[in-house]
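J.: Sharing a model that was predicted from the sequence below.
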Amino acid sequence: AQSVTQPDIHITVSEGASLELRCNYSYGATPYLFWYVQSPGQGLQLLLKYFSGDTLVQGIKGFEAEFKRSQSSFNLRKPSVHWSDAAEYFCAVGVGTNAGKSTFGDGTTLTVKP
Amino acid sequence: DAGVTQSPTHLIKTRGQQVTLRCSPKSGHDTVSWYQQALGQGPQFIFQYYEEEERQRGNFPDRFSGHQFPNYSSELNVNALLLGDSALYLCASSLGGGHGYTFGSGTRLTVV
């Protein structure tokens, strides 16, 4: 069975600083990987996804993620964080291209300092 | 264009009762997945409906059941509620189960 680990429960960065959120996955085949963001009391919004091809994936809101098969990682990055990026971020691995049956990590809470 | 709509937004139930949660998928979507998100945890897959049938199921007991209607809307039913069923229940829809899932804002269920 697949699993996802997000090692950092909580990260604090200053506005304008760069950001990297870590994600490690375990899956026996080619993974289909996703990053979502969740604001308090809201549902999940898809930031980006990786199915195949270029291992550097661009998403919405200036986010990108890099798939590294050798490290079983799919880390999320942003060069300059804005205060509105404060939220909870979830990494997920999907079963095939069926993104509707995904296994999620427990999330990383991002706090942005002014 | 409305996204995924879930109702109610909040509800409180007593242990042992039954509850029904509702989801209207995004326009043009035909596949609905349900997730349970406990406080401080990531969402856990409950099941997925396509063509009015349960296509995939996660590791949840039979107390959790669902239905999809011809208009693609869906219901999640939970019987014999336990305190541990308290969570945010999320519905997500897509076209054909492929990528591009859209999540609703969820229903917050509290069992007392």
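T.: Structure's in. What do you need?
J.: My guess is residue A:90 contacts residue A:45. True?
T.: No. Assessed by C-beta atoms under 8 Å, residue A:90 is found out of contact with residue A:45, at 10.2 Å. For the C-beta atoms, the positions are set from N, CA and C on the backbone; glycine is no exception.
J.: Which one's more surrounded, these two?
T.: Between residue A:90 and residue A:45, counting by other C-beta atoms under 10 Å in any protein chain shown, residue A:90 is the more crowded of the two (26 against 15).
J.: Grab the nearest non-local neighbour of the residue nearest the centre of chain A.
T.: Taking C-alpha atoms, centre = their mean, the centroid of chain A lies closest to residue A:35, which sits 3.4 Å from it. Leaving aside its sequence neighbours, residue A:35 sits nearest to residue A:47 (C-beta to C-beta, 6 or more residues apart in numbering or on different chains; 4.4 Å).
J.: So for the residue nearest to the centre of chain A, what's the pLDDT?
T.: Residue A:35 carries a pLDDT score of 96 in this model.
J.: Just to be sure, it is in a strand?
T.: Yes. Under DSSP: H, G, I helix; E, B strand; the rest coil, residue A:35 falls within a strand.
J.: need the contact list for it.
T.: A:21, A:23, A:46-49, A:59, A:63, A:65, A:74, A:76, A:89-92 (C-beta atoms under 8 Å, 6 or more residues apart in numbering or on different chains).
J.: Tell me the helix or strand right after the host helix or strand of the residue nearest to residue A:35.
T.: Per DSSP states H and E, residue A:47 falls inside strand A:44-50. Per DSSP H and E, strand A:44-50 leads on to strand A:56-58 as the next helix or strand towards the C-terminus.
J.: could you give the mean pLDDT of that next one?
T.: The model assigns strand A:56-58 a mean pLDDT of 96.
J.: So which residues lie in contact with it, not counting its own?
T.: By C-beta under 8 Å, 6+ apart, strand A:56-58 touches A:48-50, A:64-67.
J.: Right, I'll leave it there.
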